[in-house]
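K.L.:
Okay, predicted coordinates and the sequence, questions at the end:
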Amino acid sequence: MKATFRYLSFCKVIILIQITILILNSCTCDRIDNRKIKVINESMSDIVWLKSSNKAFRKPKYNQDIDSVSIDSIGYISNIVPTWNELIEESKDKKIAIFIINNDSLKKYGWETIYKKNNFSKVYLLNIEDLNNCQWEIRYDGK
């Protein structure tokens, strides 16, 4: 009888330890930031955008670094890890830059010329408060 009682007590302790480990493990996992910046293109041309955490316009290294949206369309800029707050807090001047480039300009001049001459249509410098105030929407009208 005593052996059975000890065995059950031992099992309870093991289960309690496993539950504690699971709870602690779930607290240390990377946070996921599901917020997205909604880009509404109200201009008369297709656009491309890049985001930067240091306000410097750089040529994209990979296609996933850029995104585009057609005339009268909506696109989304997402950032999962680090979170938007972390990205902005770690950035210069606590702001991110969203560079808007006319797609026709990109086709005509290419990334190299746009990069060298800073030939972009518009730059939005935003902190978290700015994003909250505009409800995470950027309306680009081409002006």
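P.N.:
Sure, I can see it.
K.L.:
and the gap between K12 and I19?
P.N.:
11 Å (Cβ to Cβ, to the nearest Å). Bear in mind the C-beta positions are built from the backbone N, C-alpha and C, glycine included.
K.L.:
what does V123 give?
P.N.:
For V123, the distance to I19 equals 50 Å [Cβ to Cβ].
K.L.:
who's more crowded, these two?
P.N.:
Neighbours per residue, other Cβ atoms under 10 Å: of V123 and I19, the larger number sits with V123, 13 against 10.
K.L.:
Could you look up the SS state of the more buried one?
P.N.:
Secondary structure, DSSP: H, G, I helix; E, B strand; the rest coil: V123 is strand.
K.L.:
Enumerate every residue touching it.
P.N.:
Neighbouring residues of V123 by Cβ atoms under 8 Å, 6 or more residues apart in numbering: 57, 97-100.
K.L.:
try T113
P.N.:
By Cβ under 8 Å, 6+ apart, the residues touching T113 are N119.
K.L.:
now do I14
P.N.:
Listed by Cβ under 8 Å, 6+ apart, I14 has no contact partners.
K.L.:
quick one: it and D104, what's the gap?
P.N.:
66 Å.
K.L.:
can you check W136 too?
P.N.:
Using Cβ to Cβ, W136 is found at 27 Å from D104.
K.L.:
Of the two, which one has the most company?
P.N.:
Comparing W136 with D104 by other Cβ under 10 Å, the one with more neighbours is W136, at 16 against 11.
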